[in-house]
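Enquirer: 3D model of this:
(2 chains)
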Amino acid sequence: MGQTEKLDVLSLAMGELQAPEIIKLTKVLEKGGNRNLPSAQLLSALRPQLRKIRPDRNPNMLRLFCQPFEVVLMNLDAQGVRHGRIERDVIKPIWSLVTEAEDTAVIQAMERLEKLIGQADGKSIIIAANQFWQAIAGRLDTIIQLAQSDPSEQKALRKRLNCENAIGVLSEISGMIRNAALILSMRDSLQERPIQTLDEKQIECIHSHVQKAAKTNPGSEYFVLLAAQGCLLHPADVFTFLKEMDDNNIGDVSLIGEELGNVVFDNLDLAADKLEDLVASGGNEIQLTEVVKSFTNELLNVHDVLAITSDVSWKRRMTASMKRVAEIVCSEIFEGSVEMVLDAYAGGDPDPEEIAAAERRITAVCDCVVMSESLAIKTQAEQIHRELRQQLNGLCQKIVEKAREVDGDDDRARFRFMIAIKMLELAAGPDHAEKVLLEGLESLRGH
Amino acid sequence: MITDHAAVSKQILLPATFQERGAAVPFTTPVIAHARIRKIDQGEFEALVPGLSGGRGTYVLPWNNLKDMVSMSVYDRQLAKSLKAEGALSPAKIRKIALDLSKSGVSGSDRAQAAKETLEQDNAVRIRIRQVLLQAIVDRFGDQDDPIDIAAMDEQAAMVAAGRVLGGFARRQGFSGDQLIDHLIEWTRLVEPIGFPEKDCAGYMRCFAQLLRKMNRDVAGWARSEPPKSQRLANELALAAQSVVEQTEFCLASIDACRTNLKQTILDWQSTGALLRQEIERIDWLLDGWALILEKWSAADGWERHQQRALVLELNQFMPILPQGELTDVSHRFWKGVIAQQDVAEPQEKASHFNSGAG
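Expert: Numbering: from 1, shown residues only, chains lettered A, B, ... in the order given. Take a look at the predicted model:
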């Protein structure tokens, strides 16, 4: 058995492990004590279960470094600047940048922390971790200043991080780790993540942490709010706090609002990117519709939370992403749907795969009809929906007539009819479909 | 429209029997996906619909009124009609009726194909069970010089061959060869949904119990990193599944023991047959209602954490409650807690404008 096959077998076996065993094994593998074990491969085989169980991982310096800003970490494949989000790929280069400088404060903080991690003294670890974050923030600020004052340094930094917005990213990380204690305390109190709907307790928690930030370190409210936004399913919900901040004269609300608003609209753009990628990779109608639903939900949520009409640039951004999504719905879901459905029935016995694809398309069309008003494509949606219903009615009629002429009430004819009824139901609803079904069955029996 | 007969059954705590709990109906319309059917007097049925419109408790209404209350899919309307035409309903019978209906195509091509495959699989297992059982009995009690390979014969030929070689044994035990074969056929028919532990011999109920055991472990593992509230709900779900699986495994052990004690089972067929029937019926009811929960949990495998959290909340609300007759004092407290939780559970999250398939 080759190495790959052995690992496949191991991966399969790991699927059978229970949570405590997985946690134990992960700890052993992460410590890497046994050189005979292919730890990296085994850990990657364990990843699906780890995602489910989310055990506490062995703390290491890199993980601790990321802890204050992990909620804004993202896998960003798309190009361009993304506000308030940090691409995972830049973490390792940044970490090298911090550690290779041999900054005494950073080295001492790391050594102190490393010793304490082994001893598992919770309170001391928190104090040492805070010193560690402050030391790294200091180091990052030095790097930022250098890059800002010297264009060649800035260019080198961009190249090293492979990131056009290198200074912006470093500033965001620095700001968040400087406020690590506040951010982590807030996240501990919020507990679940992402938060789908903020309850009163959570609103109070975020609000009190923002107030603390404003008191202890004016100007840092943005970083606490950015972390809070990272905990929310709908980034626009963070504007709840801006209104309160404005009422209480806390922080520069318009500047913070602009930054956090950009995150909201980046998020809409990302959904549109995802949809375009899905089209390019041949995603089916159901997958496309799921993304459209998620986009439209977010869009309506933005409408609910923000008075966007007052901000022209936001309105423009929102309309642009909406237009991209609407175009895909029209070209990939509406266009050619009637022909596709009818083609599935052309010829002899219907092909199960073609029928399944036709059912998916009808479902997608109907789902998109419901969302069409939000996407400003109501007219096209209603037209295609009407045509589908008419054609499917005709199809059911034809199947019954053909069955009466040729086969009579045999199993094949009945199956064809039933499948067409299901499609009619998807397009026209169960009441109409049932009526056609009963008439059809009556007609077949009467033959 | 809610009829005069409809009432929220808040005063009812644990059902006394499985029959009172009603049998789960695999409706495809989401709002009645966890509905149950139970027989009332004069051969009439009633529907029990939990969590209607996201509300609390369970609506109880005449079966015929269900269609007035909910816009049901065409498949559901046909299924409701078919069930009404039956005299008595067990989960196994409902499953068969639903599969036959799905096969017709009225619930769509994917479901038709899946139903066809399930029915074929059931039949393959039935044949295999009969072969394994006959072979074991022939090998142990048959009067033959050359070994008989039951699997190599068709069903009819196998029965004839078995009857021939088992004739002597039957006579020695005081009954005819035909009687012995009749017992064996009845035994096979009874254990069809259960099967035997060997590969290719497991019936759908045994397979389902294994999947439920896996779900119990998965949910317990998932719960570990959850915040307290959803951790509690997930642990309740895991414990409920575990309780059902443990009772099922207990029944399975007594069913499998009949095969280990071949001679005793055959000689005492009247009582062992009754015992088998009782145990299999119990498993049927124990597992009833968990199929949809298992299906939803499996489908949530790649979902986002918050979607899984919302699902756990939903599943917790629809966990089938074990009846009083099945419970010990300890489990009685647990299930009472579950039903109390189901009665007060309220939607935790604000609804999305458009429902996603995930969550």
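Enquirer: sec struct for the residue of chain B most remote from its centre, please.
Expert: Relative to the centre of chain B, and counting by C-alpha atoms, centre = their mean, the farthest-placed residue is residue B:145 at 43.2 Å. Classification of residue B:145 by DSSP: H, G, I helix; E, B strand; the rest coil places it in coil.
Enquirer: would you list every one of the strands in the chain?
Expert: The chain I'm using is chain A. Here chain A has its strands, by DSSP state E, at A:73-74, A:86-87.
Enquirer: wrong chain, I was asking about chain B
Expert: Using DSSP E, strands in chain B cover B:7-8, B:23-24, B:36-39, B:45-50, B:58-62.
Enquirer: Can I get the lowest-mean-pLDDT helix or strand in chain A in CSV? Just the C-alpha atoms.
Expert: Lowest by mean pLDDT, DSSP states H and E among the helices and strands of chain A is helix A:3-14, with a mean of 72. What follows is helix A:3-14, C-alpha atoms only, in CSV (Å, rounded to 0.1, in the frame of the first residue of the first chain):
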residue,chain,number,x,y,z
GLN,A,3,1.7,6.4,1.2
THR,A,4,-1.4,8.1,-0.3
GLU,A,5,-3.5,5.0,0.0
LYS,A,6,-2.4,4.6,3.6
LEU,A,7,-3.4,8.2,4.4
ASP,A,8,-6.8,7.6,2.6
VAL,A,9,-7.4,4.6,4.9
LEU,A,10,-6.4,6.6,7.9
SER,A,11,-8.7,9.5,6.9
LEU,A,12,-11.6,7.1,6.6
ALA,A,13,-10.8,5.6,10.0
MET,A,14,-10.7,9.1,11.5
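Enquirer: ok so, going back, looking at the strands of chain A, spot the one closest to residue A:382.
Expert: Between residue A:382 and those, the shortest gap by C-beta to C-beta is with strand A:73-74, which sits at 37.3 Å. From N, CA and C alone the C-beta is placed, and that goes for glycine too.
Enquirer: Which residues of the stretch 1-150 of chain B lie near chain A?
Expert: By C-beta under 8 Å from any C-beta of the partner chain, the residues of the stretch 1-150 of chain B that approach chain A are B:71-75, B:77, B:104-110, B:112-113.
Enquirer: Of the residues you listed, which belong to helices?
Expert: In helices, judged by DSSP state H, the following of these are found: B:74, B:75, B:77, B:109, B:110, B:112, B:113.
Enquirer: Low-confidence bits of chain B, can you list those?
Expert: B:1-12, B:53-55, B:343-359 (pLDDT under 70).
Enquirer: what residues are up against the closest residue to residue B:110 other than its chain neighbours?
Expert: Using C-beta to C-beta, 6 or more residues apart in numbering or on different chains and skipping the chain neighbours, the partner closest in space to residue B:110 is residue A:356 (5.5 Å). Contacts for residue A:356 (C-beta atoms under 8 Å, 6 or more residues apart in numbering or on different chains) come out as B:108, B:109, B:110.
Enquirer: Selection in PyMOL covering whichever of these are buried, please.
Expert: Of the contacts of residue A:356, the buried ones can be selected in PyMOL as follows, counting by 16 or more other C-beta atoms under 10 Å in any protein chain shown:
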select buried, chain B and resi 108+109
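Enquirer: Just name the closest of the contacts of residue A:356 to residue A:266, please.
Expert: Closest to residue A:266 out of the contacts of residue A:356 is residue B:110 (37.1 Å), distances taken as C-beta to C-beta.
Enquirer: Pretty sure that closest one sits against residue A:360.
Expert: No. Residue B:110 lies out of contact with residue A:360 (C-beta atoms under 8 Å); the separation is 9.3 Å.
Enquirer: circling back to that earlier point, distance to chain B for the strands of chain A - can I get that in a markdown table?
Expert: Compiled in a markdown table, the strands of chain A are given as follows (distance: least, C-beta to the nearest C-beta, whole Å):
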| stretch | distance to chain B |
| --- | --- |
| strand A:73-74 | 13 |
| strand A:86-87 | 19 |
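Enquirer: hey, which of these is tucked in deepest?
Expert: Among the strands of chain A, strand A:86-87 has the highest mean neighbour count (mean count of other C-beta atoms under 10 Å in any protein chain shown), at a mean of 22.
Enquirer: mind listing what that one pairs with, with the direction of each?
Expert: Here strand A:86-87 is paired, per DSSP bridges, with strand A:73-74 (parallel).
Enquirer: average model confidence for the strand it pairs with?
Expert: Average pLDDT, strand A:73-74: 86.
Enquirer: for stretch A:289-304, same thing?
Expert: Mean pLDDT, computed over stretch A:289-304, is 91.
Enquirer: same check, this time on stretch A:381-399
Expert: For stretch A:381-399, mean pLDDT is 93.
Enquirer: Identify the residues contacting that stretch?
Expert: Residues outside stretch A:381-399 that contact it (C-beta under 8 Å, 6+ apart): A:334, A:337-338, A:341-342, A:345, A:362, A:365-366, A:368-369, A:372, A:413, A:416-417, A:420-421, A:423-424, A:427-428, A:436, A:440.
Enquirer: quick revisit: how about TSV for the strands of chain A, with distance to residue B:272 added?
Expert: Converted to TSV, the strands of chain A look like this (distance: least, C-beta to C-beta, whole Å):
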stretch	distance to residue B:272
strand A:73-74	62
strand A:86-87	67
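Enquirer: Any idea which of these gets closest to residue B:273?
Expert: The nearest among those, by C-beta to C-beta, is strand A:73-74 at 63.0 Å.
Enquirer: Quick one: residues in contact with that closest one.
Expert: Residues outside strand A:73-74 that contact it (C-beta under 8 Å, 6+ apart): A:66, A:82, A:85, A:86, A:87, A:88, A:91.
Enquirer: what's the burial count for the nearest residue to the first one once chain neighbours are set aside?
Expert: Right, the one you point to is residue A:66. Leaving aside its chain neighbours, residue A:66 sits nearest to residue A:91 (6.3 Å; criterion: C-beta to C-beta, 6+ apart). Using other C-beta atoms under 10 Å in any protein chain shown, residue A:91 is surrounded by 19 other residues.
Enquirer: if I look at residue A:91, how far off is residue A:43?
Expert: Remark: distance between residue A:91 and residue A:43 (C-beta to C-beta, to the nearest Å) = 18 Å.
Enquirer: Got the domain ranges for chain B?
Expert: Using automatic domain parsing, the domain ranges for chain B come out as B:7-89, B:108-192, B:196-345.
Enquirer: and the residue nearest to residue B:178 when sequence neighbours are not counted, what does it touch?
Expert: Distances taken as C-beta to C-beta, 6+ apart put residue B:163 closest to residue B:178, at 6.9 Å, once the chain neighbours are dropped. If you count contacts by C-beta under 8 Å, 6+ apart, residue B:163 has them with B:177, B:178, B:180, B:181.
Enquirer: Run a quick neighbour tally on the first one.
Expert: Taking other C-beta under 10 Å as the criterion, the count of residues near residue B:177 is 17.
Enquirer: and the residue lying closest to residue A:212 once chain neighbours are set aside, how many neighbours does it have?
Expert: Closest residue in space to residue A:212, ignoring its immediate chain neighbours: residue A:182 at 6.0 Å, by C-beta to C-beta, 6+ apart. Residue A:182 has 22 neighbours, counted by other C-beta under 10 Å.
Enquirer: if we can go back for a sec, okay if I get the strands of chain B as a markdown table plus mean neighbour count?
Expert: Putting these into a markdown table (neighbours: other C-beta atoms under 10 Å in any protein chain shown) gives the following:
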| stretch | mean neighbour count |
| --- | --- |
| strand B:7-8 | 15 |
| strand B:23-24 | 24 |
| strand B:36-39 | 20 |
| strand B:45-50 | 22 |
| strand B:58-62 | 20 |
